[in-house]
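A.B. asks: Below is the sequence, then the predicted model.
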Amino acid sequence: MCPVNGKLQLHDGRTAYHFQPAKFWQNGPLYHNGLYHFFYQYNPHGPLWDTGKLSWGHSVSGDLVNWAFLGTAIDPTDPFDVNGCWSGSATVLPGGRPAFLYTGRDAGGVQVQNVAFAKNPLDPLLREWEKPSCNPIIAFPADVVNNNFRDPTTAWLGRDGLWRMVVAAEVAGAGSALVYRSADFLRWERNAAPMHSSAAVPVLECPDFFPVAEHGTDGLDTSANGAGTGVKHVLKLSEFDTHQDFYMVGRYDDEGDTFSPEEPDRGDNCRRWRCLDYGQAYAAKSFFDARRNRRVQWLWVNEYDSKADDVAKGWAGVQAFPRKVWLDGDGKQLLQWPVDEIETLRTKRVGLQGTEVKAGGLHEIVGVASSQADVEVVFEIPNLEDEAESFDPDWLDPHKLCKDKGAASAHGGVGPFGLIVMASGDLQEQTAVFFRVFKHHGKYKVFMCTDLTRSSTKADVYKDAYGGFVDVDIQKDKSISLRTLIDHSVIESFGGGGQACITTRVYPEHAATSSSHLYVFNNGSGTVNVSKLEAWEMATATVNSADALDAITLLLAAASLYCSAMALAGLPLSVFAIAVHFCLVFSSSSSPPVCAANGHRDRTAYHFQPAKNWQNGPVYYNGMYHLFYQYNPHGALWDVGNLSWGHSVSGDLVNWAALDNALNPTAPFDANGCASGSVTILPDGVPVIMYSGIDARRRQVQNVAFPKNPRDPVLREWTKPGYNPVIPVPADVSPDNFRDPTTAWLGRDGLWRFAISAVADGVGATLVYRSTDFLRWERNAAPLHASRDAVMAECPDLFPVAEHGEDGLDLDASASGGAGAGVRHVLKVSMPDTLEDYYMVGRYDDADDTFTVPPEDLEAHGDDYRRWRRIDHGHLYASKTFYDAGKKRRVLWAWVNESDSEADDVAKGWSGLQSFPRAVWLDEGGRQLVQWPVEEIETLRRKRGVLLGGNEVEAGGLREIGGIAGSQADVEVAFEIASLAGADRLDPDHLRDPDALCGENGAAVHGGIGPFGLLVMASGDLRERTAVFFRVFRLSHGYTVLMCTDLTRSTSRAGVYKPSHGGFVDIDIEKDRAISLRTLIDHSIVESFGGGGRTCMTARVYPEHVATGSSHLYVFNNASDAVKVSKLEAWELATASVNAGDDGLISWRALIVPRRPVNPHRDGETGCNASTLVANGRGGRRRATISVGEARGGRRERTVERCTAGAGSTAEGGSQWGERWG
């Protein structure tokens, strides 16, 4: 333990001349030409990695050796970086103002790119930085997945005057280096093609892209272009899974921002590229040092002891010593060497020359403190041809070779020989850095290794062996060099003049009480000669240990060039060239906790719901996702007189931020509630809300509202003009049944249309209104649809679908869908008496606003909505779709109410949520919608589960899916059925009521083919479980597949609605002999998609066991024959940020991720076109429609009564099942 400046006591593992903060955690650097800066990721609150607390620490140096700490430059204080100021880079703009580009983790946990500027560019120490409110300047792209979008590089100027930078991203499962361009450093546009992309390596980080001279060792400025002769470029990528850095040398053309590798045979899998460092160094970044005309590279070196050790010593993480890099003579490989400033620390020197080291020899190097040294040695091999071992071509994995054959005690032919460093006196602790030479087809391979297996006797220390091949011509030279920097716990070695580099961490026990020893050894069969050895004891540098002002004085005095601020201000500020790079290192304990977002056991983790109180319906604005939802700000129960429009925004349909209410019931025309509605963009770009208000006389009237400031990107404030209502209650319409205006669309005649639900002359109808100016509306003579069999239908939706393909269509297609080819329409209504959604596919003609269904469907289903197809066969209602132009898809939302008691709602403080958004399209038959969760959900996927016990599930079998939290998961499974011979026969009368059929044939009732499927949210003893399963039945004309969600055993709580949901799946099971199931599990909601999304079921579950234990997830088969699981993928899902906090404005700006409209705007701005803003405020009809005979509890009681027999048999069978499988 030795003092530094009389202040800091060194821990035995703390380095003496490597950069690290005085305490706590850090990893990345930054360089400012003319004065060296480290703006590094720093946790000022503790030594452990904490993403939400990351700041940018700031240290400065005049010589890359001695460093002074200035405090933090950037802290996570704004919505766009409130969860951490992560990696970034800096560039000096024309005029000399430095600018940071950095990744912020915003309020929703989303990675966005931000900018910051030096507050005073003339300050030589750049002590203060400011972050403009226009951040983020690059929002999270729509096609990037798993929240992997980070690490912007240093920017460079192309010949066209545009700035470029590279950002690492995961695009559709492929690790990509995306190129962005900008004219002003604020508005960035992504290049159409990435600089690099590979599905073989999905997660890339910390990209670096820089020019190198084809000849010589001089460096080049980052903006040096590769189009001319004499310049090549290096693309370096950090690979998350292996925590290694790989690079490729190639040619860069800024015209198309293309990079052509010099070694294309290595492929696009960067793991086959050249390795920058074969050891424990990661996240390298280079910069151009114009003062010394060189390119310098930094690498981060993490700790490899335990977290407890980090806490005890009070710091974690270190930088490798800066290295100069240049291109090797073959033009394909980088050489790396410690910058020559390190020589200023050399003190005592010892040397050897012409020394033989015989087989088994060990020579100690004495005279220097070997725990803090710089050693250079050259070995000569006199008998290469006679003694080299044969090389097995299977030994191409250097890491494995080092472990299998590389240990220093394993005697070989030529080698192992090299250095033993940080050795105890009895050699019980030692780290060996050595070479071996192998012979293969008359040629020789030189292998370099650092063996840590005996580096420490401590437990909880990672002690591996690291190796790589050295690209030298040993046959010609008969010699090889090694340089090793020893700095207590850091060992950096450079073989063959820097051809191969290995950096490692060591934690020997003896260092706490005694000195370390240094040896040259030879464990080969023949003699090796030490032709030259020089070892220097190194002084201790001043590294963030003294008072900042004192240290600054020291470093400025040492660098006389910078003795005054005026001299500093006059330096050429060409480029900040080293990026602060973030390299996220997940440990086994770094996964987010899987628990309800606000701590209540039933609250969901990734479904939309307000922070508290009651809500239901959604709205969407193209360019940014909005939910203008019906919200009771005064309590968790439905209260029509208190209904407001809540407002939340999102950039990815996953993470949501709450804003202030958009509409409140404050005017005579909505005094008793702002009910459902929609939003449309007018031709001048102004959005307008049309909504149903319940006026002072409790009549439902139609009103409009306009944004107070149309340029506000989040539309925070809305005004309701005094001339409302724009449509009063018609004379023939029931005043309490006239509601839910749809999104408006333009017809070919230039008139606006919208549809609305009503009871007209006692008939449930979907009326159409037309207008030229959106204020004066006239009702069409004939309704779009009417049915005397249905008293009232609500929440209508009319939207176009493509006849072929999965792309969505804008509502503009409504104008020609009836006359043109390739377009059909879907009419959807919600029925308050059943609380279910129904739809029909047909043709719409705007000439007379008619909707026509095919004759065969009309004959089969009639005009009674309740005989139409179901949107969802479970507990889902009031769905609404919108067109997402950015992804060319139609997305469906739906409301999911609670199924526990009102007392439960009051106790937990909230009620209602949205289903997870679904993409919808028309199936091949042209009569049915297919629904599938939007791909953004994949950004939440974390740990992956495994099916225990084999893929074949025998009759009565149960296989647990292990390795993930079963209460917050995404599961996809495919079942294969070997034979249909055992299918039970089904009475055709049962086809009319699949719910009853599921109730009578629950999950525990054995059948022929089925039930088989998933058990979700299950207790350990299986007394609580929810079953999602299939049964295959034989009909007189073929087979049919029944899908069920059985809630009868979902909870042991009283007062909870526990039905069985059922629906038939329209697939050809006889042909396919297979069926798929996808289930989203989010605590109290279970959404299932059968047959690729042809049949959907949403259920609410409230198991008791989640209060004290974890939930389990199983595949089961209760059929008479085995089924095969041909595919199973299960992921634990992270917790999204959904309206966390209070009701007011919560970090809205950080969630904005613009989608590209027809006329694209720059990233960070929103753009809109006609019919891109849609709304559906859902009005809680379960209680609002008591007048038509439905109270909230009524349907529960009637359904339970209808299914009594089935429920009883399920309970009985389930008891035996629980005993058998418990």
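C.D. replies: Noted; the coordinates are in hand.
A.B. asks: switch to C-alpha atoms for all contacts and neighbour counts from now on
C.D. replies: Fine.
A.B. asks: What segments of the stretch 401-550 of the chain are strands?
C.D. replies: Taking DSSP state E, counting those that start in this stretch, the strands of the stretch 401-550 of the chain run over residues 414-423, 431-440, 443-451, 465-470, 479-487, 490-495, 500-505, 517-522, 528-538.
A.B. asks: And the contacts of the second one?
C.D. replies: By Cα atoms under 8 Å, 6 or more residues apart in numbering, the residues outside strand 431-440 that reach it are 388-392, 406, 408, 412-423, 444-455, 493, 506.
A.B. asks: got it, and the fifth one?
C.D. replies: Outside of strand 479-487, the residues within contact range by Cα under 8 Å, 6+ apart are 15-18, 370-381, 418, 421, 472, 474, 491-497.
A.B. asks: about what we covered before: any chance of the strands of the stretch 401-550 of the chain in a markdown table, plus mean pLDDT?
C.D. replies: Formatted as a markdown table, these follow (pLDDT from 0 to 100):
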| stretch | mean pLDDT |
| --- | --- |
| strand 414-423 | 94 |
| strand 431-440 | 93 |
| strand 443-451 | 93 |
| strand 465-470 | 94 |
| strand 479-487 | 96 |
| strand 490-495 | 96 |
| strand 500-505 | 96 |
| strand 517-522 | 96 |
| strand 528-538 | 95 |
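A.B. asks: how about low-confidence regions in the stretch 701-850 of the chain?
C.D. replies: For the stretch 701-850 of the chain, the stretches with pLDDT under 70 are 713, 814-820.
A.B. asks: Swap in 50 and give it another go.
C.D. replies: Residues of the stretch 701-850 of the chain that meet the criterion pLDDT under 50 lie in 818-819.
A.B. asks: Please, where are all the helices along this protein?
C.D. replies: For the chain, the helices defined by DSSP state H occupy 307-313, 384-387, 398-405, 474-477, 548-558, 565-569, 855-861, 902-908, 994-1000, 1069-1072, 1181-1184, 1192-1202, 1204-1221.
A.B. asks: what sits against His990?
C.D. replies: Contact partners of His990, counting by Cα under 8 Å, 6+ apart, are Leu997.
A.B. asks: quick one: contacts for the closest residue in space to Gly1090 that isn't next to it in sequence?
C.D. replies: In this structure, Gly1090 finds its nearest non-sequential neighbour in Leu1077, 4.7 Å apart by Cα to Cα, 6 or more residues apart in numbering. Leu1077 makes contact with Glu972, Val973, Ala974, Gly1013, Ser1088, Phe1089, Gly1090, Gly1091, Gly1092, according to Cα under 8 Å, 6+ apart.
A.B. asks: Could you do Ala1027 as well?
C.D. replies: Applying Cα under 8 Å, 6+ apart, we find Ala1027 in contact with Ala1003, Gly1013, Leu1014, Leu1015, Val1016, Cys1044, Thr1045, Asp1046, Leu1047.
A.B. asks: What sits closest to it if chain neighbours are left out?
C.D. replies: The shortest distance from Ala1027 to any non-neighbouring residue, by Cα to Cα, 6+ apart, is to Leu1015 (4.5 Å).
A.B. asks: check contacts around the one you found.
C.D. replies: For Leu1015, the contact set (Cα under 8 Å, 6+ apart) comprises Arg1025, Thr1026, Ala1027, Val1028, Leu1113, Tyr1114, Val1115, Phe1116.
A.B. asks: so which of those residues comes closest to Gln931?
C.D. replies: Distances from Gln931 to the contacts of Leu1015, taken as Cα to Cα, are shortest for Val1028 (17.2 Å).
A.B. asks: How about the closest one: which residues does it bridge to?
C.D. replies: Leu1014, Thr1045 (DSSP bridges).
A.B. asks: Same check on Ile486?
C.D. replies: Here Ile486, judged by DSSP bridges, has bridge partners Ala373, Ile491.
A.B. asks: So that it lines up with my notes, have the first residue be 17 from now on.
C.D. replies: Taking 17 as the first residue, the last one we looked at is Ile502.
A.B. asks: so how far is Ala527 from it?
C.D. replies: 13 Å (Cα to Cα, to the nearest Å).
A.B. asks: With Glu278 instead?
C.D. replies: For Glu278 relative to Ala527 (Cα to Cα), the value is 46 Å.
A.B. asks: Which residue of the two possesses the greater neighbour count?
C.D. replies: A side-by-side neighbour count of Glu278 and Ala527, using other Cα atoms under 10 Å, places Ala527 first with 21 against 15.
A.B. asks: And that one, what's its pLDDT?
C.D. replies: On the pLDDT scale, Ala527 is placed at 86.
A.B. asks: care to break this protein down by domain?
C.D. replies: Domain assignment for the chain by automatic domain parsing gives 19-357+558-594, 375-542, 629-952+1153-1206, 971-1137.
A.B. asks: now for those, which one comes closest to Trp1147?
C.D. replies: Proximity to Trp1147, assessed across those by Cα to Cα, is greatest for domain 971-1137 (5.3 Å).
A.B. asks: burial measure for Asn241, as a count.
C.D. replies: 24.
A.B. asks: which residues does it contact?
C.D. replies: Contact analysis of Asn241 by Cα under 8 Å, 6+ apart lists Gly174, Arg175, Pro227, Val247, Tyr268, Asp269, Asp270.
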